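K.L.:
fold the following.
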Amino acid sequence: MWMSDNHRASLRTRAGRLRRPPRRVNSDAETGGRGEGPCRWYTWVGSILRRCDHHRPESLHGEQILRAGTVFPRVPVPPRPRILALRALAGGVVVALAGLAVLGGCVPGSKLIPWAATNANRALRLGDAKLAQEDLDAALREFQTAIDLHPRLSAAHEKIGWIQEQRGDYAEAAKAYGEAVKIAPQRFDYSMALAQIYQKMASFADAVRAYLHACDLDPLSYKARLNLGLCHQQAGQLDEAIACYEMAAELDTAAADPYASLGLVYDAQGKYYEAIHAYNESLERDPNQPKVLLSLATTLTRQDRFPNARKALARAIDLDPKLAGAYERLGYCYFRERQYKEALTQYEWAVLLDPRMPEAHAGLGVVRMAMYLQAPAQTELKQMALEHWHRSLELSPEQPKIRDLIDKYREPQASNGDTLAVGAK
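P.N.:
You can find the predicted model right below:
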């Protein structure tokens, strides 16, 4: 007789369940031939299984032949289909409860459930639609909802940073951009946004770190390298700034900005010829740069090359007639050449265009005091000069030379006009 494996396992299980603690086995003589006791049951089951082995297509290797007194191991019964369904249902309930706990913040670090991600993406799309309508408040609410559902949704953090930046809340913008970079450190645009907001906050050390990360992600990025140089320059790290500007110039050989920035750094280091060369390189690539012409003129005045400086300033004024700094520098050139009337005219133009320029007020004071020293009877010139110096210090208190001039010319014995040149920068 052949028997299936499941039927065979069932018989074994029944035999195991009838197992008793070890005790004396009754013989036929003791039981009156009734065959009572576990020995008779085991013998009967063993005979059936042996007959099954005899009629099976192939014998089972490794199984023990059942004999009287053999202790049978307990064989687990395969679960029924209904039991499997109940277990699956129970597992689904557990997952659902865990998901609700995640949404409520009860289980920190739990995995995101599927519908939370779906709703987060839906809120993200709604926020984009509100941004397209320029409704920043509604967009901010949608993006925050997306983050509440999906805290690691980097796009939502980045968009919140952009909204806060437009509002002028740079601290919150930096916080949001930082979360986006933390979640997705491989995103170049996130690193650039974080670096630029740090630069606006004048947090140059943080900006340098963020720009360095951006440069690691994209070593051929001209903008990242140029801005990194600006941060080094603003932090006073001039050698590092020069290296970044030179690399930026190599990345974009037609760009004028790296050379203009190089000129400023060389001028700050006192390398005036290198600065002039860099300014000229920048102007060759873009001649219409009035501020670069102003910087070139300033460097030329440091070498007392006033005619060349005036030519550069005249070109700058032609390009931008409202550039107050060009008139101020032109006034300084005329003053150093002792052309006081022309200097006074240029300084007055500078103050007219920018009443809050301390250098222009200081220059007006210097010129009027020089004119007073040439005509001591015109005491109003002296008073006007002192008042211009006071106004300059009100706008920029850190001018020790102007303070010294006020202390000196407040007394009547001052008469040397040559000492006035120290007040003009």
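K.L.:
how is this protein divided into domains?
P.N.:
1-77, 253-318, 322-425 (automatic domain parsing).
K.L.:
quick one: low-confidence ranges for the stretch 101-250 of the chain?
P.N.:
For the stretch 101-250 of the chain, applying pLDDT under 70 flags the ranges 101-114.
K.L.:
how about the helices of it, start to end?
P.N.:
Applying DSSP state H, counting those that start in this stretch to the stretch 101-250 of the chain gives helices spanning 114-132, 136-149, 154-167, 170-183, 188-200, 204-217, 222-234, 238-251.
K.L.:
tell me which of the ones you listed sits nearest to I317.
P.N.:
Closest to I317 of the helices of the stretch 101-250 of the chain is helix 222-234 (C-beta to C-beta; 26.6 Å). Where you see a C-beta, it was placed from the backbone N, CA and C, and this is true even at glycine.
K.L.:
check which helix or strand covers P307.
P.N.:
Here P307, judged by DSSP states H and E, is contained in helix 306-319.
K.L.:
and the angle from the helix or strand following that helix to helix 306-319?
P.N.:
Using DSSP H and E, the helix or strand that follows helix 306-319 in sequence is helix 324-336. In terms of direction (axes from the mean of the first three to the mean of the last three C-alpha atoms, to 10 degrees), helix 324-336 departs from helix 306-319 by 150 degrees.
K.L.:
and the following helix or strand past helix 324-336, what's buried?
P.N.:
Later in the chain than helix 324-336, the nearest helix or strand by DSSP H and E is helix 340-353. By 16 or more other C-beta atoms under 10 Å, the buried positions in helix 340-353 come out as Y340, A343, L344, T345, Q346, Y347, E348, W349, A350, V351, L353.
K.L.:
got a list of contacts for helix 340-353?
P.N.:
Outside helix 340-353, the residues within contact range by C-beta atoms under 8 Å, 6 or more residues apart in numbering are 322-325, 327-328, 330-335, 357, 359-361, 363-364, 367-368, 370-371, 374.
K.L.:
try it again with 7 Å
P.N.:
Residues from elsewhere that reach helix 340-353 (C-beta atoms under 7 Å, 6 or more residues apart in numbering): 322, 324, 327-328, 330-331, 334-335, 357, 360-361, 363-364, 367, 370-371.
K.L.:
what is the helix or strand following it packed up against?
P.N.:
Using DSSP H and E, the helix or strand that follows helix 340-353 in sequence is helix 358-374. Here helix 358-374 touches helix 324-336, helix 340-353, helix 379-395, going by 3 or more C-beta pairs under 7 Å, 6 or more residues apart in numbering; DSSP states H and E.
K.L.:
can I get those in CSV including mean pLDDT and distance to L238?
P.N.:
Output for the helices and strands packed on helix 358-374, formatted as CSV (pLDDT from 0 to 100; distance: least, C-beta to C-beta, whole Å):
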stretch, mean pLDDT, distance to L238
helix 324-336, 97, 22
helix 340-353, 97, 29
helix 379-395, 96, 27
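K.L.:
make JSON lines out of those and add distance to L217.
P.N.:
Output for these, formatted as JSON lines (distance: least, C-beta to C-beta, whole Å):
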{"stretch": "helix 324-336", "distance to L217": "38"}
{"stretch": "helix 340-353", "distance to L217": "43"}
{"stretch": "helix 379-395", "distance to L217": "43"}
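K.L.:
picking that back up, any residues touching the helix holding P307, and which ones?
P.N.:
Helix 306-319 is contacted by residues 288, 290, 293-294, 296-297, 300-301, 323, 326, 329-330, 333, 336-337 when judged by C-beta under 7 Å, 6+ apart.
K.L.:
what do you get for stretch 144-164?
P.N.:
Applying C-beta under 7 Å, 6+ apart, the external contacts of stretch 144-164 come out as 112, 116-117, 119-120, 123-124, 127, 136, 139-140, 143, 172-173, 176-177, 179-180, 183-184, 190, 193.
K.L.:
re earlier: for PyMOL, write a command that selects the buried ones of the contacts of helix 306-319.
P.N.:
Here is the PyMOL command that picks out the buried ones among the contacts of helix 306-319, judged by 16+ other C-beta under 10 Å:
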select buried, resi 290+293+294+296+297+300+301+323+326+329+330+333
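K.L.:
once you drop chain neighbours, what's closest to A312?
P.N.:
Leaving aside its sequence neighbours, A312 sits nearest to A297 (C-beta to C-beta, 6 or more residues apart in numbering; 4.1 Å).
K.L.:
against which helices or strands is the helix or strand where the one you found lies packed?
P.N.:
Using DSSP H and E, A297 sits in helix 290-302. Helix 290-302 is packed against helix 257-268, helix 272-285, helix 306-319, helix 324-336, with contacts defined by 3+ C-beta pairs under 7 Å, 6+ apart.
K.L.:
need those in JSON lines (columns: distance to I160).
P.N.:
What follows is the helices and strands packed on helix 290-302, written out as JSON lines (distance: least, C-beta to C-beta, whole Å):
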{"stretch": "helix 257-268", "distance to I160": "31"}
{"stretch": "helix 272-285", "distance to I160": "38"}
{"stretch": "helix 306-319", "distance to I160": "41"}
{"stretch": "helix 324-336", "distance to I160": "39"}
